[in-house]
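Visitor: kindly generate the corresponding structure for this input.
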Amino acid sequence: MANTPELPEIGLLLYPGVQQAAVHGLTDLFEVANRIAGEHGTANGKVIRVSHWQPDGAMRIRCVFDTHPGAPARPAIIIAPPSLGALQTSETMAPFARWLKDQHAEGAIIGSVCAGAFLVAETGLLAGRAATTHWTYAEALKQRFPDIHVTADKLIVDGGDIITAGGLMAWIDLGLLLVDRLLGALIMVETARFLLVDPPGREQRFYSSFSPRKHHGDQAVLKVQRWLQARGARNVTLKAMADHAGLEERTFLRRFHKATGLRPTEYCQHVRVGKARELLELTAMTIDQVAWAVGYEDAGAFRKVFQKITGLAPGDYRRRFAVVSSSGMGEPPAGRVPGATC
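Guide: Now for the predicted structure:
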């Protein structure tokens, strides 16, 4: 699947339910990059060719749009964009998956965004490999394709021949990464600046909220999960959780981890950090006050846990996501919250 060096081609696969905004957005992003490369005179005539692919009546995948028609369309990179609809069945995706697998065998790099990861997974090419998807789809991807190492904290997992991107708007990050690869870092940065978007380097965990497993069928564990959520996981001990579940501590630990995928300590941290994110976004409380309100007497310990889970320091998180100015001081919590023990 050779392309001339001057015209690297990126194909966008239009499968059922594909998000048209992402398809046209990627097309426009690459067009902007081409224009900027021409203005800088650094491309030496090299531009990105974009094509769109979808099935005909006989379910044969054909090129239906090409920014540079004339020469045969043979994409060196193929992207499965995101979807706004329900996840498609394996039967529906089969023709698309076969085509992707064939293109990969001929040397094409395969990329996906958000739910597009499910289509790439149908090819079998992700078996035993790391991949990402939208954080709300991560559990479904794990269950449907248990041989994939799903790392939903990452916005992009670049495996060289296969690149997966996470959230619905991560097509921007994937597009800029490909601009960097094909036209160089300068053009990528200038493209990002023109579009008023961040260059690649974000993490999906900056944006994801804690969405614990609750459809596991263990009623004793579910009872504890609801109890922890109601009290904000403050001032709880392993013994208190086990007693609330009506289980011996070792049995509770084993069943809790099996049901939720987290140890009780980690689970409590996620619950408290989730509340802290809300306070950082919606109030002008100081970071020490936020730590105090969610159950930490030691603000330093709170900062370490917050950064471990979100990937950002509390102050950086507030600067990125706050909807209330932190220039004024919010009212302190009504009373001191005892330090958490887990």
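Visitor: now the host helix or strand of residue 253: buried residues?
Guide: For residue 253, the host element (DSSP states H and E) is helix 249-260. For helix 249-260, the neighbour count (16 or more other C-beta atoms under 10 Å) marks 252, 253, 255, 256, 259, 260 as buried. Placement of C-beta: from N, CA and C, glycine included.
Visitor: then stretch 224-238?
Guide: So for stretch 224-238, counting by 16+ other C-beta under 10 Å, buried means 224, 225, 228, 232, 233, 234, 236, 238.
Visitor: now the end-to-end length of it.
Guide: 11 Å (C-alpha to C-alpha, to the nearest Å).
Visitor: would you map out the domains in the protein?
Guide: Split into domains by automatic domain parsing, the chain comes to 9-206, 219-321.
Visitor: the last one: how far from the chain's middle?
Guide: What it means is domain 219-321. Relative to the centre of its chain, domain 219-321 is centred 22 Å away, using C-alpha atoms, centre = their mean, to the nearest Å.
Visitor: likewise for the longest one?
Guide: For domain 9-206, the separation from the chain centroid amounts to 14 Å (computed by C-alpha atoms, centre = their mean).
Visitor: just to revisit the earlier point, would TSV of the domains of the chain with distance to residue 212 be doable?
Guide: Listed next are those as TSV, based on distance: least, C-beta to C-beta, whole Å:
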stretch	distance to residue 212
domain 9-206	10
domain 219-321	6
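Visitor: related to what we said a few turns ago, for the helix holding residue 253, name the packing helices and strands.
Guide: helix 219-231, helix 238-245, helix 264-282 (3 or more C-beta pairs under 8 Å, 6 or more residues apart in numbering; DSSP states H and E).
Visitor: list the buried residues of the helix or strand that comes right after the last one.
Guide: This means helix 264-282. Counting by DSSP H and E, the element after helix 264-282 in chain order, helix or strand, is helix 287-293. By neighbour count on 16+ other C-beta under 10 Å, the buried set for helix 287-293 is 287, 289, 290, 291, 292, 293.
Visitor: between those residues, which is closest to residue 14?
Guide: Residue 14 has its nearest neighbour among these in residue 290, at 45.2 Å by C-beta to C-beta.
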